[in-house]
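1. below is the structure, and that's it, no one-letter string:
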């Protein structure tokens with residue numbers, strides 16, 4: 001996905017914050033199957049990385065346009 005405008009970027013920032021919060025809650029969770037927890041954390045971390053990259057690409061593109 002490519003962010004097209006500031007509104008999409010801000011929405012992605014909100015999603016990123018929610019995912020990071022969920023990741024921390026799941027990381028601290030006890031009593032769940034260790035394998036399931038590991039897979040869940042892996043998936044969340046992958047999505048977090050994707051959101052960060054999308055935001056960085058957008059900011060880089062917008063910054064280069066304004067310069």
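-> Right, received. Where do you want to start? Nothing here was measured: the structure is a model prediction, and the numbers come from that model.
2. which strand or helix spans the residue minimising distance to the centre of the chain?
-> By C-alpha atoms, centre = their mean, the mean C-alpha position of the chain lies nearest to residue 48, the distance being 2.6 Å. For residue 48, the host element (DSSP states H and E) is helix 34-66.
3. buried ones in that helix?
-> 40, 44, 48, 51, 54-55, 58 (16 or more other C-beta atoms under 10 Å). Every C-beta, even on glycine, is put in place using the N, C-alpha and C of the backbone.
4. going by distance to residue 19, which of these wins?
-> Residue 19 has its nearest neighbour among the buried residues of helix 34-66 in residue 48, at 5.1 Å by C-beta to C-beta.
5. tell me the pLDDT of that closest one.
-> Per-residue pLDDT puts residue 48 at 98.
6. show me what contacts the spatially closest residue to it that is not a sequence neighbour?
-> Nearest residue to residue 48, sequence neighbours excluded (C-beta to C-beta, 6 or more residues apart in numbering): residue 19, at 5.1 Å. Applying C-beta atoms under 8 Å, 6 or more residues apart in numbering to residue 19 gives the contacts 44, 47-48, 51.
7. re earlier: name the helices or strands packed onto the helix holding residue 48?
-> The contact analysis (3 or more C-beta pairs under 8 Å, 6 or more residues apart in numbering; DSSP states H and E) places helix 34-66 against helix 6-28.
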